[in-house]
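Trainee: Build me a model:
(3 chains)
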Amino acid sequence: MTAGANSKTNPGHFFEDFTVGRVFNHATPRTVSDGDIALYTALYGGRFVVQSSAAYPAQPVDDLLAFHIAFGKTVPDVSLNAVANLGYAEGIFGQPVYAGDTITTTSEVIGIKENSNGKTGVVYVRSVAVNQRGETIIDYKRWVMVNKRDAKSPAPDPVLPVLKDVVPVAELIVPAKTDLSAYDTTLAGSSDLWGAYQIGERIDHVDGSTVEEAEHMMATRLYQNTAKVHFNQFTQSQGRFGKRLVYGGHVISIARALSFNGLANAYRIAAINAGSHANPIFAGDTVFAWSEVLDKAECAGRPDVGALRIRTVATKDHPPADFPLKDDDGKYLPHVVLDLDYWVLMPR
Amino acid sequence: MTAGANSKTNPGHFFEDFTVGRVFNHATPRTVSDGDIALYTALYGGRFVVQSSAAYPAQPVDDLLAFHIAFGKTVPDVSLNAVANLGYAEGIFGQPVYAGDTITTTSEVIGIKENSNGKTGVVYVRSVAVNQRGETIIDYKRWVMVNKRDAKSPAPDPVLPVLKDVVPVAELIVPAKTDLSAYDTTLAGSSDLWGAYQIGERIDHVDGSTVEEAEHMMATRLYQNTAKVHFNQFTQSQGRFGKRLVYGGHVISIARALSFNGLANAYRIAAINAGSHANPIFAGDTVFAWSEVLDKAECAGRPDVGALRIRTVATKDHPPADFPLKDDDGKYLPHVVLDLDYWVLMPR
Amino acid sequence: MTAGANSKTNPGHFFEDFTVGRVFNHATPRTVSDGDIALYTALYGGRFVVQSSAAYPAQPVDDLLAFHIAFGKTVPDVSLNAVANLGYAEGIFGQPVYAGDTITTTSEVIGIKENSNGKTGVVYVRSVAVNQRGETIIDYKRWVMVNKRDAKSPAPDPVLPVLKDVVPVAELIVPAKTDLSAYDTTLAGSSDLWGAYQIGERIDHVDGSTVEEAEHMMATRLYQNTAKVHFNQFTQSQGRFGKRLVYGGHVISIARALSFNGLANAYRIAAINAGSHANPIFAGDTVFAWSEVLDKAECAGRPDVGALRIRTVATKDHPPADFPLKDDDGKYLPHVVLDLDYWVLMPR
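Mentor: Coordinates of the predicted model:
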């Protein structure tokens, strides 16, 4: 027999394939190594001391490296036919990831709702990534707009999950293995600890970083994220933007690295409360970032650590001394590419 | 004394320097590490589970990473003055390479034949790469067209090696250390095992990947391949194409990574039967791939594993739904950049 | 409180902040791994056998990788507001760095002199990088031109350190752990050992390597070097050159890798006597290099090793067969981008 069509290739799932309760055991488990840490440094230049130096016992990998790998696994099943990545909620970082750990991700459909146009629908999933001991390393929800296979398929009964606006402080996990007793603010690059930050305070992170095609593609492949729009200039040249789109997670990592200049002691991302990729970003754009302290809280049982709720906003080709965000109608300004609401941990 | 000419630099070898039986012990031994694995992932985005996850005992590095390093060693002695890389045959992959292994390569001249123009000749070499225990990791033949130092040198008696069209199945090596007893097709990304493939079946691998200068140069340097045409835009700008040529092996690795979408369980390349770099490829080109199952065979003593003989064809800027290969005169179509005939192993 | 200005970001130091004797304990300690070695290979393609193969016991990382990381640490404190990096002297490489070592750097101000324009001054620092055992891995001096915060600040009393033109041979450190007893010149790529080089000998390293934005930025971030001019096209597009400047150390590493072709057995950089980044370099430029043997010396107590004092000159878009350096007025020619005077060690 000669097979004509691609019976053996992955067509991805369409809106009709998602039913509440359906579970996906995503391919491919991925072992993280010192090599991933070095590449992540080369791609973003992170300087957070706990991740940079083995002088901190049990040196973890960057929380976002783990997040992107966990996220990448979900793409072939969840978002290969996605029109848009709409949002994140209730993302809780569990056990840190160390070199040698193997990340596996599963997702469960927790909500579906067809759009009124009849052509697309919104799918909500909860994705849980675990290490080789089955310990949760990240547990988060996201929702995406997915194409229907057939516009004539009947709309399913809508199921909308109840999602918290903010992860409660009591649910944040302070990794026990990360020993901060010898934390040295000089070597960490800033004397500003948790107590120095005030709710409402805004910080212009000043520096800018220009995106290159080779860099965003290497990053996205490192995460084994297969979303087609990032890699294929031939097809993209015929599309809406005429060029390859940069993976939104790449922008998150650039913004996090830029935020070192002002938040140097934010040694751990503990939770993602919400996130919007407000506008697309392309190679050649220069990313800047600013942050606002939305809230702060003590961590129960850990008098040495405090939590800061941070909004970090990334812009393109626009130094953010004016702290740009939305216009009078509540729409993101065209220079804004990311609005991320998250909890970090900081020594006290 | 002041030396004028470059008495201490490597001029490479010319056709006159190759005599049948001559052996080259190539510089430089190269220790492979977790860092190489991470870079290979960043460059190609491979997702074959056996290479991706330490959950498979004795996680090997990608077979082509080992091949490219072994190949790179031969360049300063064999192909620094090569006009063209003409073909491969009888390439057998032996012991898998693991992080920590050191690769050393030797080559022996097994054939020579001057071309009728009197300016160039064809040199056939057998190259054998071994690990630090002297175990063979790859043993292959290739032939290249090499410039003569002096067109007036007399032509040597031609010696043409007898090369098999296909590596016999009995010579394929199934690595004993790679334990497939817990192989999980869900985590591997496809339920199609050896039994699902039919001779004559063709697969469009669908996805495309655009080549960047920074990526192909980083790859080629990672393999310590010193062929000048890949790195030097100043000189290339004055040459035939006006730009840097992409190392053919980079295209092989891109095609192999694309082939995951349709051949996800092809966990090991066991042999290279033949290969043609049909047309040159440059940064900016988008690579696509399709494959055909040429043959299939059982592996003696290993009822858990089968072999598939695959032809993978890579194209540039041409989605290969029409399975392009050659024109009516048997010439490769201009969009075809690679025609690779090889054996893979797949769980049954 | 809402903070307007960037009270928590690092403004860098200005000329007024530097007083002789002031010590900076630089952030951030950095653990070097196999991943850094692989990236360094991908960025430069180095083939020096001692660094390439674990067959040499205690395989060290490339000396310049260690140097760049040590240097990168000094940038936020010393040269964030630097106008120019003026020179290096008395750079001595101590213990080699191995995967797993953590590099920490401190700097002491050893000289200051305001410029006659009243707007800038020259700051001399001695920087010492140590490993996690406190052993010195590099100890060097450099001087930079730094902006004054306020042109009206009074000029400090000038202090000019006495710097040697050349590190004395007796101060060079031959690493005891690097066992050369089994050194194999065939596997190292050249039969030319220390005895083969003559004072005054010049070598055209022949090969060229084109710089890419993605590569120099990944390199510079790998070293956690935060100098703004390398990363921010938006701001640079409004500046003097209109484009991002390449970190001078990236050029040093390219030149060192090119020098393998002619100096393959120079297995270790022992000292940096002097260095000038003669002209700026940008992505798209092709780097070439030539070297001259300035001096040679035996190493006391090590009859197996000799030292060569080398000048390596890098050019851009100019194959250096004519050994270009300076014009009749002693000014560097416009194609010259680097003039580096250093000691290497070579087996005898």
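Trainee: pLDDT score assigned to A:R244?
Mentor: In this model, A:R244 is scored at 97, pLDDT.
Trainee: What parts of the stretch 1-150 of chain A come near chain B?
Mentor: Within the stretch 1-150 of chain A, the positions adjacent to chain B are A:1-4, A:6, A:8-10, A:25, A:27-31, A:33-36, A:38-39, A:76, A:99-100, A:102, A:104, A:132 by CB under 8 Å from any CB of the partner chain. From N, CA and C alone the C-beta is placed, and that goes for glycine too.
Trainee: same thing but 7 Å
Mentor: Counting by CB under 7 Å from any CB of the partner chain, the residues of the stretch 1-150 of chain A lying close to chain B are A:1-3, A:6, A:8-10, A:25, A:27-31, A:33-36, A:38-39, A:102, A:132.
Trainee: near chain C, from those?
Mentor: Contacts with chain C are made by A:34-35, A:38-39 out of the residues of the stretch 1-150 of chain A next to chain B, judged by CB under 7 Å from any CB.
Trainee: Closest to C:I112 out of the residues you listed?
Mentor: Nearest to C:I112 among these, counting by CB to CB, is A:A38 at 36.9 Å.
Trainee: any idea of the mean pLDDT for the helix or strand harbouring the closest one?
Mentor: Per DSSP states H and E, A:A38 falls inside helix A:34-44. On average, the pLDDT along helix A:34-44 is 98.
Trainee: Going by neighbour count, which residues in that helix are buried?
Mentor: Buried residues in helix A:34-44, counting neighbours by 16 or more other CB atoms under 10 Å in any protein chain shown, are found at A:34-44.
Trainee: Specify which member of those is nearest to chain C.
Mentor: Chain C lies nearest to A:A38 out of the buried residues of helix A:34-44, by CB to the nearest CB, at 2.7 Å.
Trainee: hang on, the earlier thing: take the residues of the stretch 1-150 of chain A next to chain B and keep only those in helices.
Mentor: A:34-36, A:38-39 (DSSP state H).
Trainee: report the angle between the axes of the helix holding A:A38 and helix B:34-44?
Mentor: With axes from the mean of the first three to the mean of the last three CA atoms, to 10 degrees defining the directions, helix A:34-44 sits at 50 degrees from helix B:34-44.
Trainee: For ChimeraX, write the select line for the buried members of the residues of the stretch 1-150 of chain A next to chain B.
Mentor: In ChimeraX, a selection of the buried entries from these looks like this (16+ other CB under 10 Å):
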select /A:3,6,8,9,10,27,28,29,30,31,33,34,35,36,38,39,102
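Trainee: got the CA positions of stretch A:191-199 in CSV?
Mentor: Only the C-alpha atoms of stretch A:191-199 are listed here, as CSV (Å, rounded to 0.1, in the frame of the first residue of the first chain):
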residue,chain,number,x,y,z
SER,A,191,20.9,45.3,49.0
ASP,A,192,17.1,45.6,48.5
LEU,A,193,15.4,42.7,50.3
TRP,A,194,11.7,42.1,50.8
GLY,A,195,11.3,44.8,53.4
ALA,A,196,12.5,47.5,51.0
TYR,A,197,9.6,47.1,48.5
GLN,A,198,6.4,49.0,48.9
ILE,A,199,3.0,48.1,47.5
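Trainee: Could you list the alpha-carbon positions for the helix holding A:A38 in CSV?
Mentor: Only the C-alpha atoms of helix A:34-44 are listed here, as CSV (Å, rounded to 0.1, in the frame of the first residue of the first chain):
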residue,chain,number,x,y,z
ASP,A,34,23.8,21.5,33.0
GLY,A,35,23.6,22.1,29.2
ASP,A,36,20.1,23.5,29.4
ILE,A,37,21.2,25.8,32.2
ALA,A,38,24.1,27.1,30.1
LEU,A,39,21.9,27.7,27.1
TYR,A,40,19.4,29.4,29.2
THR,A,41,22.1,31.7,30.5
ALA,A,42,23.3,32.4,26.9
LEU,A,43,19.8,33.2,25.8
TYR,A,44,18.8,35.5,28.6
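Trainee: Report the distance from it to the chain centre.
Mentor: 17 Å (CA atoms, centre = their mean, to the nearest Å).
Trainee: Check stretch A:284-294 too.
Mentor: Relative to its chain's centre, stretch A:284-294 lies at 15 Å (CA atoms, centre = their mean).
Trainee: Give me the contact status of that stretch with chain B.
Mentor: No - if you take CB under 7 Å from any CB as the test, stretch A:284-294 misses chain B, and the best it gets is 13.2 Å.
Trainee: For that stretch, the averaged confidence score.
Mentor: Across stretch A:284-294, the average pLDDT comes to 98.
Trainee: which SS state does the residue most central in space within chain A fall under?
Mentor: Central residue of chain A (CA atoms, centre = their mean): A:G249, 5.0 Å from the mean position. Here A:G249 is recorded as helix under DSSP: H, G, I helix; E, B strand; the rest coil.
Trainee: in terms of contact, does it touch A:G72 like I think?
Mentor: No - assessed by CB atoms under 7 Å, A:G249 is found out of contact with A:G72, at 8.4 Å.
Trainee: Without its sequence neighbours, what residue ends up closest to A:A297?
Mentor: The shortest distance from A:A297 to any non-neighbouring residue, by CB to CB, 6 or more residues apart in numbering or on different chains, is to A:V169 (4.2 Å).
Trainee: and that neighbour, what pLDDT?
Mentor: 97.
Trainee: Please apply the same query to A:A84.
Mentor: A:A84 is given a pLDDT of 85.
Trainee: just A:A54 next, same as before
Mentor: Per-residue pLDDT puts A:A54 at 85.
Trainee: Just give the nearest non-adjacent residue to it, would you?
Mentor: Distances taken as CB to CB, 6+ apart put C:T31 closest to A:A54, at 4.1 Å, once the chain neighbours are dropped.
Trainee: Name all residues that make contact with A:L338.
Mentor: A:L338 makes contacts with A:251-252, A:255, A:277-278, A:313-314, as judged by CB atoms under 7 Å, 6 or more residues apart in numbering or on different chains.
Trainee: out of those residues, which is most surrounded?
Mentor: Neighbour counts for the contacts of A:L338 (other CB atoms under 10 Å in any protein chain shown) peak at A:A314, which has 31 neighbours.
Trainee: Could you list the domains of chain A?
Mentor: A:12-161, A:190-348 (automatic domain parsing).
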